[in-house]
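> next comes the sequence, and after it the predicted model I'd like to discuss.
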Amino acid sequence: MPSPLDDNVGDALLVVIHEAGGPVGARQISAALADRGRAVSESSVARRLRHLDAQGLTLQLGAKGRVLTEAGSRAVERLRRASRGASLLSASEIRTAQDVIHLLKARRAIEPEAVRDATEQISDVDLAALRAVVAEHHDRASAEERPPRDIALTFHRLAGASARNPLVQAMISIVLDSSHDRVEAALDVILKTHHRSAVSVSEHEAIVEAMAQRDAERAAELMRAHLDRLLEEVNTFILRYDAELLERLLRLP
């Protein structure tokens, strides 16, 4: 739904009325907006309220003031969901070494549960897809070729793709978003520097085999251990070199 007013003041009015918990007048709304750093005169608020009335978002209860209609309440909920989504996107932007650590810790919390859930109903087709990704990664590592930038993330996305929990799926879509491909590229450099690239491949292989055996707890345990090691590799790299070097890697095209 579009904003009730082009400058978003209408959105702010809806939120103020919602938070008032009862009928509220133009003077009270103007004061509440001022407290939030938005200077809107009482007359301007009254005019904008009439606009919201016309949209069916607010209702005047005589001299008591305005309340939200059912449509107005739905509009506020949409605004809040949009705000939460924007906050999540902002939080998932990776610019610093500490951001990388935060991301890996978030993945460590989410991915084992996704793999546990997925293991219980993963199909033979999905297992074959996982094995194909691992095989390609293995071949590249054995030939000491730089792997495709997103190959490790592709494995992680496929590993949790069969999870049924919608909240887990929503969180996975954030922490494994394609915008993090450059993080994975930086991790590839770190692992190569530590001569540990092949270790990730073997850990991926072990996770797939646990999933193939329908051992959900084992698969989750292996995923957690894998992400613990990646965290250790990043921390070691930062101590051996410095955070700035990792941040330069993050800025590479």
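Thanks, I have it.

> hey, let's count contacts and neighbours off CA atoms from now on
Fine.

> what phi and what psi does the backbone show at the residue nearest the centre of the chain?
Central residue of the chain (C-alpha atoms, centre = their mean): Ile174, 2.8 Å from the mean position. Ile174 adopts backbone torsions of phi -80, psi -50, taken as degrees, to the nearest 10.

> report pLDDT for it.
With respect to pLDDT, Ile174 scores 86.

> list of residues touching the helix or strand that contains Glu19?
Secondary-structure element containing Glu19, defined by DSSP states H and E: helix 9-20. Applying C-alpha atoms under 8 Å, 6 or more residues apart in numbering, the set of residues contacting helix 9-20 from outside is 3-5, 23-24, 29, 32-33, 48-49, 52, 58, 66-68, 72-73, 76, 79.

> distance of the residue nearest to the centre of the chain relative to Thr193?
Counting by C-alpha to C-alpha, to the nearest Å, the separation of Ile174 from Thr193 is 28 Å.

> what's the answer for Met171, then?
As it turns out, when the distance is counted by C-alpha to C-alpha, Met171 lies 30 Å from Thr193.

> ok, the two, which is more surrounded?
Just comparing Met171 and Thr193: by other C-alpha atoms under 10 Å the higher neighbour count belongs to Met171, 17 against 12.

> just want the angle from the next helix or strand after the helix holding Glu19 to helix 9-20.
Downstream of helix 9-20, the next assigned helix or strand under DSSP H and E is helix 26-35. For helix 26-35 and helix 9-20, the angle between their directions (axes from the mean of the first three to the mean of the last three C-alpha atoms, to 10 degrees) works out to 100 degrees.
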